[in-house]
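[1] Sequence below, structure please.
(2 chains)
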Amino acid sequence: MCKQCPVVDWDAAFATIESFGGVPAVGGVMSDLIVWYDRYDREQKPRVGGKNASLGELMMADLPVPPGFAVTVEAYQQIWRNKTLADAVNAELRSIDHGDVRANRATADRIRALIEAEPMAPEVVEAITDSYQALCTFCNVDDLPVAVRSSATAEDLPDASFAGQQDTYLWIHGANAVLAHVRKCWSSLFTDRAIAYRHQMGYLHHNLSMSVGVQKMVDPVCSGVAFTLNPTNGDRSQVCIDASWGLGEAVVSGEVTPDNFLVDKVIKEIVSRKISNKHIEMRLGDDGEVHTVELDPVRANQPCLSDDDLRNVAALARRAEKHYGCPQDVEWAIDRHLPEGFNVLLLQSRPETVWSQKPVSPIASAKDPMASIVSTLLAPMHTKSEEKTEET
Amino acid sequence: MTDRRFPSPFEVEPPEGDIDGWEELYPYSVTFSEGRREYEEARFWFQDSMHWGWAMTPWDSAHLEYAIASLSQFNSRHYRIPPADGIDFRVLYGYPYFSPVGVDPEKIEARVPEFMERAGHYFMNWDDLYANWLVKVKENIDAIDAIDFSPLPEMEDLEVITSGRGIGTGWDIQQQYHQFKDLCLKVWQYHFEFLNLGYAAYLDYFGFCKQAWPTIPDLAIARMVAGVEVDLFKPNEKLKDLAHLAVDSGLARVFDSPDDVAGIAAALGSSDKGKAWQAAWDDAADPWFNFSSGTGFYYFDKTWLDYPEIPYAFVRDYITKIEDGVDISRPIEQVIAERDRIVAEYTDLLLTEEDKETFAGKLGLARTVFPYVENHNFYIEHWTMSRFWRKLRELGAVLAKEGFVSDPQDVVYFRRDELDEVLWDIYSAWAVNAPSAGTTYWPPKIEQRKAWIDSFSKWKAPKALGEPPEVITEPFTIMLWGITSDSVNMWLGSDDEGAGITGMSASPGVAEGPARLVFNADDIGDVLDGEILVAPITAPSWAPVFPKIKACVTDIGGMMSHAAIVCREYGVPAVTGTGFGTDKISNGDMIRVDGSAGTVEILS
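    Numbering: from 1, shown residues only, chains lettered A, B, ... in the order given. Here you go, the predicted structure:
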């Protein structure tokens, strides 16, 4: 019996969360139970957890992540309305001897089994099923493969994700499977490691709560990386884009030479384009396995991005740069299923590290206008020879 | 650079036909000659087909000589441009060849303080000097208009007697001709008073942009500077206004046959609304329709004022667009807002406050000098030159009256110094009241000269002559003609089979369509909706054709060439400075123009 771990008072823990008025979403409905990423705002952070909130934040910054929705902590709260479940879990928690790792693992397994066996309230089942269906309709795919991710939330805890020990399940398709994995995410609050961590840190179990994200698996027609500067000369007015057919792994592993483009950030011109022979494509099967496909020479030598898509990818990278306030190295994809206008996706964004680290100094010799004009006349720019664009 | 060279000016394959003695068309000082052979063969000469793409008559050449001497004088003697003296020039079989003259490297440094003081004065006082320039140029136009080339009278007015004037109209016409020539040289002095300084400031700003954003497209640099209310665009804007007025006044059908100038005048005169339209036209016409259908450098360039069928046809095209519901207006607020956005975003990309300040300064100076760079073309090449050619034809009418030529226009086949002798001949024959020599001396000569020019116009002038330079560093060759080491290489390699057509990415976008080759202003009416205009160069007065075309390809010209500016204005893709576009592309070829990459592809 653990004296440190107080009895979980779930009702008290959730009493502070206000109800939320629903608005129409990507074909789905916002409600107390569901928050769509593209409709997210910061007030909803406490009900969707850290991971979902960060996805919502990106959408707010017009950095489209794969579409989806958060099942709020409200849904999780429902299961604890059943006193029998609460009593049974509390009993298990009280029984824990934190010195006995093996026994604790068994206890944790039992708690998770209890949670996963707990029937969901009908309105929760309906909300999740309807939302999943709306996502399928939006993507025009039956039984759309999705990622189901846990997104823990904790009042006043900076490290909710550690305290919650989150799980992620990929390639889930069908409403029943989604429901089952939502339960698994809920129960993942009670792995032995999570329980032990909370114990060590002195956190209350009932201060933790669990939201779940349901998000379309990306299936890229083409994908790649984008730098928000020209990596060959540090020019910050350009976005440099590498792109190839299918999954980005082909490029990362070096099996394919990608198409390379430079797009001007301001006037949105495609400054240069080098189209390569992209002889293979890595593609996802329905099973979520990666298959390598040989491409016919025509497709292999086609540019894998249209000019419009190029500008969209460049604009996405530029928004990421503005959002994070420094040059970015962005992974992006153009999704096969999403409708035009919604199909350019941000997969990841990290700070660019090479040019950004260089010391900044003003452009030399420019200050005195007359002296500068003299030096210009003495060494004029060879407008044509220096800025030759690559021919396609 | 390859080890190949361009033909020596002395070994070029001459035009076909009997051209013996052709040199008499031009002053002895502008033809290649044995006396300077060693000097001339050692130099690099490029053909200026951007301004003078057609074989020149003596008077066409006179303007070239005035222009290039004036340009040179400002570099070498006024502003002391540190590395550049003048541009040496020759005429070979009717075509001009230029060779920039650099300054001895040891003397460059001594010129720097001289340049800074002199050019600095102009940069510091640019707006005032430019305002004064406009006054001077208009005075010069008035002075040309005031030149009196009346035929000599049977008898002097009594007033000449009673006033005790003591000299007569024979003296006057010779004096007026001397003055006329002086005014012409003055035009060209004014033309270059600001131009090279303007380009230098622009180039300095351009260079800063290239340092700050090494891969920035040239057209982004140009767009940040481009003027919004440009005098050079006004003639075209006035036509749009007149087209709107015609539609609003129920006069649209009056312009259905633009060639019927008399019919249009009659139709307009028959109603109050028509008269009001005519009044609006007259109001716009002076000065804005002193607008040449060509570069303004040639006697055959037609002025809208004198050939209203040209602007009437454009009015008709605009009326059609308006009736089709097309918005032909130029959204000035939008243009300004877009320019401001571009400037703000590039500024935002600069990393230090100092850079932002420097950029603002250079952009400011570039914008200060740019109205001149854009507008001088209207004031000199169009307005002044239109008046000049009209006045020269008045002199031609005197020659025709005396039987020296059959057509007043033929006056252009005389060298300017020969006209002194001609006027002397006319004067003295008139004074003596005896036959002049010129009536038999000149007509066969003029016929022969016409035949020579005709041979020249069928000749394929080489792009360059002489020794190719290791590398082109002369600032004005690059700035004014857009000629770089790359273009020289391209010319050297132009015989290569299957070489693609490449040039400046002058206006972005990609378009496919049938090619329409246009070599002079008279063919501009042949251009059909949806065609791609392919021309040696384009002229400002062709502007109304740009809304029709899908893309534009020119042999000559850079980012700031007329075609580039107008195509960006209309959002039409353009590749300029291809060198050989008109040679490689034939009428009706399906071509693909990539104005972003600067490439042209012949599809079929």
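[2] where in the stretch 501-604 of chain B is pLDDT low?
    B:558-561 (pLDDT under 70).
[3] Residues of it that sit close to chain A?
    Within the stretch 501-604 of chain B, the positions adjacent to chain A are B:502, B:504-505, B:508, B:510, B:558-559, B:577, B:594, B:596-599 by CB under 8 Å from any CB of the partner chain. C-beta coordinates here come from the backbone N, C-alpha and C atoms, glycine included.
[4] how about those residues in JSON lines, adding secondary structure and neighbour count?
    What follows is those, written out as JSON lines (DSSP: H, G, I helix; E, B strand; the rest coil; neighbours: other CB atoms under 10 Å in any protein chain shown):
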{"residue": "B:Thr502", "secondary structure": "strand", "neighbour count": "22"}
{"residue": "B:Met504", "secondary structure": "strand", "neighbour count": "27"}
{"residue": "B:Ser505", "secondary structure": "strand", "neighbour count": "26"}
{"residue": "B:Pro508", "secondary structure": "coil", "neighbour count": "25"}
{"residue": "B:Val510", "secondary structure": "strand", "neighbour count": "16"}
{"residue": "B:Gly558", "secondary structure": "coil", "neighbour count": "25"}
{"residue": "B:Met559", "secondary structure": "coil", "neighbour count": "23"}
{"residue": "B:Gly577", "secondary structure": "coil", "neighbour count": "30"}
{"residue": "B:Asp594", "secondary structure": "strand", "neighbour count": "24"}
{"residue": "B:Ser596", "secondary structure": "coil", "neighbour count": "23"}
{"residue": "B:Ala597", "secondary structure": "coil", "neighbour count": "21"}
{"residue": "B:Gly598", "secondary structure": "coil", "neighbour count": "24"}
{"residue": "B:Thr599", "secondary structure": "strand", "neighbour count": "21"}
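[5] Three-state assignment for the residue nearest the centre of chain B, please.
    Most central in chain B under CA atoms, centre = their mean is B:Thr295, positioned 3.6 Å from the mean C-alpha point. State at B:Thr295, reduced to three classes by DSSP: H, G, I helix; E, B strand; the rest coil: coil.
[6] Report the separation between it and chain A.
    B:Thr295 sits 22 Å away from chain A, going by CB to the nearest CB, to the nearest Å.
[7] In this structure that residue contacts B:Ala535, no?
    No: counting by CB atoms under 8 Å, B:Ala535 is not a contact partner of B:Thr295; they are 11.8 Å apart.
[8] contacting residues for A:Tyr169?
    By CB atoms under 8 Å, 6 or more residues apart in numbering or on different chains, the contact list for A:Tyr169 reads A:147-149, A:181, A:184-185.
[9] At which residues are the strands of the chain located?
    In the absence of a named chain, this looks at chain A. With DSSP state E as the criterion, chain A has strands at A:34-36, A:68-71, A:146-154, A:168-172, A:208-216, A:220-227, A:238-245, A:259-264, A:270-274, A:280-284, A:290-294, A:328-335, A:344-351.
[10] Oops, wrong one, chain B.
    Under DSSP E, chain B gives strands at B:44-47, B:84-92, B:95-102, B:464-466, B:501-502, B:504-507, B:510-517, B:532-535, B:551-554, B:574-576, B:590-594, B:599-602.
[11] Give me the neighbour count for A:Pro220.
    Number of residues near A:Pro220 (other CB atoms under 10 Å in any protein chain shown) recorded here: 23.
[12] wait, isn't it in contact with A:Ala250?
    No: between A:Pro220 and A:Ala250 there is no contact under CB under 8 Å: 10.4 Å.
[13] can you give me phi and psi for the residue nearest to the centre of chain B?
    phi -80, psi -10 (degrees, to the nearest 10).
[14] pLDDT score for it?
    At B:Thr295, the predicted lDDT confidence score is 81.
[15] Now do the contacts for residue 55.
    Picking chain A for this. The contact partners of A:Leu55, taken as CB under 8 Å, 6+ apart, are A:37, A:40, A:65, A:68, A:213, A:215.
[16] Wait, chain B was what I had in mind.
    Residues in contact with B:Ala55 (CB under 8 Å, 6+ apart) are B:93-95, B:453, B:456-457, B:459.
[17] Out of the residues you listed, the closest to A:Gln238 would be?
    Taking CB to CB as the measure, A:Gln238 lies nearest B:Tyr95 of those, at 41.3 Å.
[18] Show me the beta-bridge partners of that closest one.
    Here B:Tyr95 sits in beta bridges with B:Leu92, as judged by DSSP bridges.
[19] Output the set of residues of the stretch 51-200 of chain B in proximity to chain A.
    For the stretch 51-200 of chain B, the residues found near chain A under the criterion CB under 8 Å from any CB are B:81-84, B:108, B:112, B:115-116, B:119-120, B:123, B:200.
[20] Same list, those, but as TSV with pLDDT and neighbour count please.
    Below are these laid out as TSV (pLDDT from 0 to 100; neighbours: other CB atoms under 10 Å in any protein chain shown):
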residue	pLDDT	neighbour count
B:Ile81	92	25
B:Pro82	91	24
B:Pro83	89	24
B:Ala84	89	27
B:Ile108	92	19
B:Val112	94	18
B:Phe115	95	23
B:Met116	94	19
B:Ala119	95	23
B:Gly120	94	16
B:Phe123	94	19
B:Ala200	89	25
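[21] quick one: B:Thr578 and chain A, what's the gap?
    Per CB to the nearest CB, B:Thr578 is found 12 Å from chain A.
[22] Report the separation between the residue nearest to the centre of chain B and B:Thr538.
    In this view, B:Thr295 and B:Thr538 are 10 Å apart by CB to CB, to the nearest Å.
[23] With A:Arg94 instead?
    89 Å.
[24] And A:Gly234, by the same measure?
    Using CB to CB, we find A:Gly234 at a distance of 37 Å from B:Thr538.
[25] How about B:Pro462: what's its closest non-neighbour residue?
    Closest residue to B:Pro462 apart from its sequence neighbours, by CB to CB, 6 or more residues apart in numbering or on different chains: B:Pro7 at 5.8 Å.
[26] Does that neighbour touch B:Ala461 like I think?
    No: using CB under 8 Å as the test, B:Pro7 is too far from B:Ala461 to be in contact (10.9 Å).
[27] Neighbour count for the two, which is higher?
    A direct count of neighbours by other CB under 10 Å for B:Pro7 and B:Ala461 places B:Ala461 higher, at 20 against 12.
[28] What residue in chain B is the furthest from its centre?
    Quick read of chain B (CA atoms, centre = their mean): farthest out is B:Thr162, 48.0 Å.
[29] re the thing from before, can you tell me which of the strands of chain A is most buried?
    Of all the strands of chain A, strand A:68-71 carries the top mean neighbour count, a mean of 29, counting by mean count of other CB atoms under 10 Å in any protein chain shown.
[30] What score does residue 386 have for pLDDT?
    Since no chain was named, I'll use chain A. The model's pLDDT for A:Glu386 equals 41.
[31] Oops, wrong one, chain B.
    94.
[32] No more questions from me, cheers.
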